[in-house]
Structures are given as C-alpha cells and as structure tokens.
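S.K.: need the 3D shape of this:
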Amino acid sequence: MDKVNIYTDGSCLGNPGPGGWAAILVCRGKEKVLSGGEAETTNNRMELLGAISAFEALKRPCEVYFCSDSKYVIDGLSKGWALSWRQNGWKRADRSPALNPELWERLLEAIKDHKITYDWIKGHAGHEYNERCDALAKEQAEKYAV
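M.R.: Now for the predicted structure:
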C-alpha cells in the first residue's frame, strides 16, 4: 500500500467571496500540486474542495497522512461528525441542517478506501506545506476577485 502525505488549504477573499483551494500530495519523493477556485464561495467550501481534490486524485487505496489547518474538515472526518450528519439526513446533533452536504458526500466517498491519519495544524505558523497551499489557494482566489 502506497504511503501518501496530503496537505490542503482553502482561502476566501471575504466570506462569501472569491475563493481558492490547494492540495499537495507527496508520494515516494514526488509531489503533485492541485489548485482551483470559484467566483462566489465560502472558506469552508474551499477547504472541503482542497481535500476532495486530493483524495479523488488517488488511484488506489493508500495509507494517507492528511494534514490541514481546517478544524472543520479535520474534525468533521476524524471525529465522525460527517458520517453522523449523513446518517441523520444531513442534520447536525441539534437537528439544524449540516452545511455543504454535497461536498461532504463527495469527501466521504473519496476517503472510504484509505487508511487515514489526521493531523490538524495551526495555520500561518511556518509549516512548509501549509504555507505553500495557503499561497496557492490565495493565488486562485485572486483570479476571481474583481
């Protein structure tokens, strides 16, 4: 089973506003860089799309170290919140609607075959890959800024 490190970040200029996402996958000493954006979005949607894009890029089951500064994404997966929301008809514990259900559904599908270790890190704290993802995500968001 391949071992892959995945680093992601999302950015939004205003929330909502123009946004961007980025992911860097590292496997066997090689890097794959992915990024994209949208004209009108939210930071959480961009965080999710960074993770979705990274996991959808994996072609076979892998042992994944997944690192992000998004507590929304890391906690949603590692604490089982997203699975619970789906089981409850995309409702949170307080019965309010879970946000971004279509993206969470894509992410849950994308991760299902992988063995994942989750790592939340503080953003803007000098982590090499987080800083690179942040810069790429902001660059994508700026493409959509007026």
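S.K.: contacts only, for Gly50.
M.R.: If you count contacts by CB atoms under 8 Å, 6 or more residues apart in numbering, Gly50 has them with Thr8, Asp9, Gly10, Trp21, Ala22, Ala23, Leu34, Ser68, Cys133, Ala137. C-beta: built from backbone N, CA, C; applies to glycine.
S.K.: kindly recompute the last result at 10 Å.
M.R.: Shown in contact with Gly50 (CB atoms under 10 Å, 6 or more residues apart in numbering): 6-11, 20-24, 34-36, 68, 70, 73, 133, 136-137.
S.K.: in the strand or helix carrying it, what counts as buried?
M.R.: Mapping Gly50 onto the secondary structure by DSSP states H and E places it in helix 43-56. Within helix 43-56, the residues that count as buried by 16 or more other CB atoms under 10 Å are 43-55.
S.K.: between the residues you listed, which sits nearest Ala93?
M.R.: Nearest to Ala93 among the buried residues of helix 43-56, counting by CB to CB, is Asn44 at 17.9 Å.
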